[in-house]
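Peer 1: need a structure here:
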Amino acid sequence: MEITSLRFSPTLSFRKYSDNSQFNNGLAETFDTATNAVQAFRVEEAAAVRPDFTAISASQLRNHARQGFDNGTLDQDTYAAISEPLPMRTIDPSGNILDLSDITDGTSFNFRDYYRDQLRIAKSIGAPETVKTLESVVSFLDA
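Peer 2: Numbering: from 1, shown residues only. Model prediction:
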């Protein structure tokens, strides 16, 4: 087995760049400003047309919420509340039990009324953190 030295030798690879100004100019051209940035990572502006939240699927709602989160119009708690799956059963403000087990990612559902009802229930129970989160969800859906 042969052991070689890993010491730096200026005569090996850096002899070509004896003039540092040429080397620095090449780097400046390589690392240009944001004009050379890849457009794939650019966040698109929110569309002017808002979807109908009274008849939208859960996956469409999550996608729209993700765009709002990426654009900064939604905070993390609101985005998390919208992204959560619906429960199997819930109650309405009148106390009736609603079966939501047939709602899937592709099923249209009235999310605006659902979150408004959940907000009314949270206010009547007196859960301040839940009320705050649901108010931001409802304001996002109403905007």
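
Peer 1: so, low pLDDT: which residues of this protein?
Peer 2: By pLDDT under 70, the low-scoring segments of the chain are 1-48.

Peer 1: show me the helices in it, by range?
Peer 2: Counting by DSSP state H, the chain has helices at residues 20-30, 58-71, 76-83, 111-125, 128-142.

Peer 1: so which of the ones you listed gets nearest Thr90?
Peer 2: Of all those, it is helix 111-125 that lies closest to Thr90, at 7.4 Å by CB to CB. (Each C-beta comes from the backbone N, C-alpha and C, glycine too.)

Peer 1: still on that earlier bit, make JSON lines out of the helices of the chain and add distance to Asn96 and mean neighbour count.
Peer 2: Shown next, in JSON lines, are the helices of the chain (distance: least, CB to CB, whole Å; neighbours: other CB atoms under 10 Å):
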{"stretch": "helix 20-30", "distance to Asn96": "66", "mean neighbour count": "9"}
{"stretch": "helix 58-71", "distance to Asn96": "22", "mean neighbour count": "16"}
{"stretch": "helix 76-83", "distance to Asn96": "23", "mean neighbour count": "16"}
{"stretch": "helix 111-125", "distance to Asn96": "10", "mean neighbour count": "17"}
{"stretch": "helix 128-142", "distance to Asn96": "19", "mean neighbour count": "16"}
